[in-house]
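In: the amino acid sequence is not available; the structure is as follows:
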């Protein structure tokens, strides 16, 4: 039922298919480019993320089509607005067939998202962007270092009934201790060994992410920019398995 909050202690199950643990970030400028990449990857991946760049270029309609094909979709929209706007936005997003939707981990925003959540959609709260370090947090006006801010927001998210957290892989172990086993942990900033970190400041390899108990990893440029994206996706899945 739309708007129903799942129990705070309801276990979050992760698919037994290791391909579902890899979320390929479709950070591309157009739907045709995204579709071409998905075709090249083939059955090496089953889960795709659509964020602002593609979302504002026809990506929401693509999300609906991909979900209808049986692929899993992560709408990384990072909603944050007044409560009613977030609630109704989440309610609309629930009709697209996506598996995950992100909101920023502000208490009012998270409560609104839980109210708007429809069946089949899991809400993920973004703790602190992985491009932020302590200096960035201070510049933005936060009085806590990143690690403490992440911990505070994780505890609030669990209490409110959010389905999972998005955090840096380097903070995943501490977040798991805070939220327990019944919340998903999804991490961007994952880079295969030897890959460039890019603009991510808190990164980890897929194998280390698996050891840290992370449920899903998000990988973009190492796959989308590869000469053989299918092979890179297969290697990451093997590292996660």
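Out: Cool, got the structure. Model, not experiment: these values are computed from the prediction.

In: list the helices and strands the longest helix along the chain packs on?
Out: If you go by DSSP state H, the chain has its longest helix at helix 146-160. Applying 3 or more CB pairs under 8 Å, 6 or more residues apart in numbering; DSSP states H and E, one finds that helix 146-160 makes contact with helix 107-116, helix 134-139, helix 172-179. C-beta: built from backbone N, CA, C; applies to glycine.

In: and that helix, average pLDDT?
Out: Across helix 146-160, pLDDT averages out at 96.

In: go through that helix and flag the buried ones.
Out: Neighbour-count burial for helix 146-160 flags 146, 147, 149, 150, 151, 153, 154, 156, 157, 158, 160 (criterion: 16 or more other CB atoms under 10 Å).

In: who's in contact with the first one?
Out: Residues touching residue 146, when contacts are defined by CB atoms under 8 Å, 6 or more residues apart in numbering, comprise 128, 132, 133, 134, 137, 171, 202.

In: thinking again about what came up before, now the buried residues of helix 146-160 as JSON lines including distance to residue 33?
Out: Listed next are the buried residues of helix 146-160 as JSON lines, based on distance: CB to CB, whole Å:
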{"residue": "146", "distance to residue 33": "33"}
{"residue": "147", "distance to residue 33": "37"}
{"residue": "149", "distance to residue 33": "35"}
{"residue": "150", "distance to residue 33": "33"}
{"residue": "151", "distance to residue 33": "38"}
{"residue": "153", "distance to residue 33": "34"}
{"residue": "154", "distance to residue 33": "35"}
{"residue": "156", "distance to residue 33": "38"}
{"residue": "157", "distance to residue 33": "34"}
{"residue": "158", "distance to residue 33": "38"}
{"residue": "160", "distance to residue 33": "37"}
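
In: show me where this structure has strands.
Out: 22-25, 47-50, 72-79, 100-104, 122-126, 164-166, 184-187, 216-219 (DSSP state E).
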